[in-house]
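Enquirer: Dropping the sequence and predicted coords here.
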Amino acid sequence: MDYREFIENELSRRVGRNSSYSLRSFARDLGISPGRLSLVLNGKSGLSREMAKKIGQKLGLDEIQCSSFCDGVAARHARSSRDRAIAAARLKAKGPPKFHKLPEEHFRVIADWFHLALLELVSSSGFRADSQWIAGRLGISALQAKSAWRRLVRLGLVKKNGNSWGAGDHSLIQRGNSLAVRSYHHQMLDKAKRAIDSHCVEERDLSSVIFQFPLDRMEEMRNDIKDFRRHLMQKYQDRNNPEIYALQIQFHRITERKK
């Protein structure tokens, strides 16, 4: 995949999620001017390796993906023919750049929230493998429900056991900054925002606390949060209950970094 195609695909994905999102919005998020981004996408301008690395990081690529992205840029736009040849040789040795760690089907399972919700719904009481029923329970379209169900079956994430269905391993959401993981969390945050106004307080609990925190203890905090999630699931998960809940924990900096 050409690096321009990858950038265009990400722009299309964001526009699909938010119709008011534009090339100008995308350029702002990438730290580049709209005019320059337009020239790059139209093949009228290139990128430096430094700018490519910056954009790759903004797009959430990991170190290996970012390296391939930068080599793809350098193979086309490096100033010297020697540097272009070296970048092209690295790309050839590594094979075509793979910007997503997962196959497209698995990527979709992570990127669209209702796949994981459906995996949990499968194990709930009264489950019906019917797209209209699934759509009604999750508040999605019948087409989305039908597509999601077929995908989960095809991937072996749901399997039929006699007359009932069961979910396989669906520990797919990992900590990280990939496009799929970010898309999933964006959608789940949107669900939480809607719950503030649409769910009565007896059916939800939303709270927050703000405190000073030493960054060098982040890994310790992550482990404590993981243990907390595991404890709550072991204590409260009830397979005989038809309702599906989401526990979301956001821990992030709210102050601006010192210049």
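Expert: In hand now; what should we look at? Numbers count the residues shown, from 1 in each chain.

Enquirer: Checking residue 205 next. Helix, strand or coil?
Expert: coil (DSSP: H, G, I helix; E, B strand; the rest coil).

Enquirer: burial of it, as a residue count?
Expert: Residues lying near residue 205 (other C-beta atoms under 10 Å) number 8. Yep, even glycine has a C-beta here, placed from its N, CA and C like the rest.

Enquirer: could you measure it against residue 227, distance?
Expert: Computed with C-beta to C-beta, to the nearest Å, the distance linking residue 205 and residue 227 is 19 Å.

Enquirer: now residue 240
Expert: As for residue 240, its distance to residue 227 is 26 Å (criterion: C-beta to C-beta).

Enquirer: Check residue 157 too.
Expert: Separation of residue 157 from residue 227 (C-beta to C-beta) stands at 26 Å.

Enquirer: Could you point out the helix or strand that follows the helix or strand of the chain with the lowest mean pLDDT?
Expert: The helix or strand of the chain with the lowest confidence, counting by mean pLDDT, DSSP states H and E, is helix 104-111 at a mean of 64. The element immediately downstream of helix 104-111 (helix or strand, assigned by DSSP states H and E) is helix 113-122.

Enquirer: Name the residues of that following helix that come out as buried.
Expert: Applying a neighbour-count criterion of 16 or more other C-beta atoms under 10 Å, one finds 113, 114, 115, 116, 117, 118, 119, 121, 122 buried in helix 113-122.

Enquirer: And for stretch 37-50?
Expert: 37, 40, 41, 46, 47, 49.

Enquirer: Give me the residues contacting that stretch.
Expert: 4, 7-8, 23, 26-27, 30, 32, 36, 55, 70, 73-74, 76-78 (C-beta atoms under 8 Å, 6 or more residues apart in numbering).

Enquirer: Any idea which of those residues the model trusts least?
Expert: Within these, pLDDT reaches its minimum at residue 8, with 81.

Enquirer: Strands of the stretch 51-200 of the chain, start to end?
Expert: Remark: strands assigned in the stretch 51-200 of the chain by DSSP state E, counting those that start in this stretch are 158-161, 164-167.

Enquirer: now those as JSON lines including mean pLDDT, mean neighbour count and distance to residue 148?
Expert: Output for those, formatted as JSON lines (pLDDT from 0 to 100; neighbours: other C-beta atoms under 10 Å; distance: least, C-beta to C-beta, whole Å):
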{"stretch": "strand 158-161", "mean pLDDT": "83", "mean neighbour count": "12", "distance to residue 148": "10"}
{"stretch": "strand 164-167", "mean pLDDT": "81", "mean neighbour count": "14", "distance to residue 148": "13"}
